[in-house]
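> Sequence first, then the predicted structure, then my questions.
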Amino acid sequence: MTGYNNAMTTPDSTSPAIFADRSAALLISRQQLYPNRSSLWVRRVVEAIEWCAEKEITILTSAGMTTWELIAAAVRLRKAKQRLFIPASSPQEFERKCHEASIQFDLEKPCIEPLFFKARASRQEIARYRDECVIGSAEILLPICVRRKGSIEELLDRYGATASVVSRYQCPYGKRTPATRFELDVGNVPDELHQCTHLIHWTRTSNGAWPGERKIDYYRALLASDTYPRTAYHTLQNILATRTVRASSNHMPGKTSVVSFSACAPAQFIPLMKWRSRYRQMSFEPYGIGLEREWALSRGISPVRYLDAKSEGPKPDEPWLCQSAGVKGNWRPENEYRYRGDFDLNAVPREKMVAYCLYESEAQEIEKEMGICCRYFAERGRGEAADGHIAP
């Protein structure tokens, strides 16, 4: 890193007045999906922000990537000064994104600035342009966790030759921690999981904020937890605590927000709990909430109609109840049902509900805290922590 090696490195005793009213950028290469406050790079981010705040340095931040967003949220929570750059292809797009960012990060509009790019730029080009603009605009560079021969190191080399480089918060870059995967044996689960009496909403570890959750609240939880706070188990707890199953529009026709259920018995559903490399997460995990089948059907939860490529006949009035049967795979085994919008659990009698967890200890905790029946897939496994929970 030529520029980095030749750049000025700031000593600890530097007077705050030297840096007052200057701008800084924290440099972080891509990190693991599931960090927490114990992650070394996260700790160094917090320390660097504290240093900047004490010296009245304005921190340049952005959005669209976990590393940038974690910095933006941490700066806001510290109430330090920041300028958040939003990539946009037009003034109209910037106004929309600016409004969204002000809500998501609890920011005032004057500290949000546009980075305009050409309309047909690829996602990679936009990310590169964003990194270069933010880092190139900073008078002080603070490398936190930089990958060798990566794009961030290249920018550090280029701009570190003229900017002040503060390396005291830098930590080694290691391989990204692999995400948690589940592999369950259908033959080893309790007999009761082979029964099909409920429509079940299965959940999974979230790669970010829950549906309807502001990013500032997601990162606040992350910065306060020694384990990743949005695992499938945490998601189930949140569903039961808020008495709401949040709808999602992901992969839905017309971006209609729905809650999905399956009529498969839990044991029958295990083969569908697969790792999806494309999305870097499990399709489902063994955590969910089940509603007694007949009661659920009486409340408007409806079966999905699977369509082949050559299917004929009229489409239903609700296109969100249609699903491609699949081309490379077959979606029919999911036996899916859907409900439009959020599903309110307040009206569900407790005896009509059952929860599902991976481990017996988690099921016991759910029953104790929430007062509903909870079934489990395994007594205890290799991935279970000493407190009975599993987390990425």
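Everything's here; your move. Residues are numbered from 1 along each chain as shown.
> show me where the stretch 1-150 of the chain has helices.
Applying DSSP state H, counting those that start in this stretch to the stretch 1-150 of the chain gives helices spanning 2-6, 16-19, 40-54, 66-78, 91-104, 123-137.
> wait, which of these is closest to residue 150?
Among the helices of the stretch 1-150 of the chain, the nearest to residue 150 by Cβ to Cβ is helix 123-137 (10.6 Å). Just so you know, the C-beta spots here come from the backbone N, C-alpha and C atoms, and that holds for glycine as well.
> what's near enough to touch residue 245?
For residue 245, the contact set (Cβ atoms under 8 Å, 6 or more residues apart in numbering) comprises 201, 239, 259, 289, 342, 343, 345.
> Among the helices of the stretch 1-150 of the chain, which comes closest to residue 246?
Nearest to residue 246 among the helices of the stretch 1-150 of the chain is helix 91-104; the distance by Cβ to Cβ comes to 16.3 Å.
> before we move on, the earlier item: which two from the contacts of residue 245 end up farthest apart in space?
289 and 342 (13.2 Å).
> which of these two has more neighbours?
Neighbours per residue (other Cβ atoms under 10 Å) separate residue 289 from residue 342, with residue 289 holding more: 25 against 17.
> Tell me what the more buried one is bridged to.
Assessed by DSSP bridges, residue 289 has beta-bridge partners residue 201, residue 355.
> any idea how far it lies from residue 278?
Using Cβ to Cβ, to the nearest Å, residue 289 is found at 26 Å from residue 278.
> Beta-bridge partners for residue 248, please?
Listed by DSSP bridges, the beta-bridge partners for residue 248 are residue 258.
> Show the average pLDDT along stretch 134-145.
On average, the pLDDT along stretch 134-145 is 97.
> Quick one: end-to-end distance for it.
17 Å (Cα to Cα, to the nearest Å).
> same question, stretch 352-364
In stretch 352-364, first residue to last residue: 18 Å (Cα to Cα).
> any idea how far it is from the chain center?
Between the mean C-alpha location of stretch 352-364 and the chain-wide mean there is a distance of 23 Å, by Cα atoms, centre = their mean, to the nearest Å.
> Would you indicate which residues of that stretch are buried?
352, 353, 354, 355, 356, 357, 358, 359, 360, 361, 362, 363 (16 or more other Cβ atoms under 10 Å).
> ok, the fourth one to residue 334 distance?
For residue 355, the distance to residue 334 under the criterion Cβ to Cβ works out to 20 Å.
> Ok, the third one next?
Using Cβ to Cβ, residue 354 is found at 19 Å from residue 334.
> One more: the last one?
Using Cβ to Cβ, residue 363 is found at 24 Å from residue 334.
> Next: the first one.
Separation of residue 352 from residue 334 (Cβ to Cβ): 22 Å.
> got it, and the second one?
If you measure residue 353 against residue 334 using Cβ to Cβ, the figure is 21 Å.
> Which parts of the stretch 201-350 of the chain are helices?
With DSSP H, counting those that start in this stretch, the ranges of helices along the stretch 201-350 of the chain come out as 215-222, 232-242, 266-269, 293-298.
> Just name the most buried of those.
Greatest average neighbour count among the helices of the stretch 201-350 of the chain goes to helix 266-269 (a mean of 22), per mean count of other Cβ atoms under 10 Å.
> Next, the contact list for residue 108, please.
By Cβ under 8 Å, 6+ apart, the contact set of residue 108 is residue 102.
> Check the gap between it and residue 76 for me.
Where residue 76 is concerned, residue 108 sits at a distance of 10 Å (Cβ to Cβ).
> picking that back up, with pLDDT and distance to residue 34 as extra columns, can I get the contacts of residue 245 in JSON lines?
Below are those laid out as JSON lines (pLDDT from 0 to 100; distance: Cβ to Cβ, whole Å):
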{"residue": "201", "pLDDT": "97", "distance to residue 34": "22"}
{"residue": "239", "pLDDT": "96", "distance to residue 34": "19"}
{"residue": "259", "pLDDT": "95", "distance to residue 34": "24"}
{"residue": "289", "pLDDT": "97", "distance to residue 34": "23"}
{"residue": "342", "pLDDT": "96", "distance to residue 34": "26"}
{"residue": "343", "pLDDT": "96", "distance to residue 34": "27"}
{"residue": "345", "pLDDT": "96", "distance to residue 34": "27"}
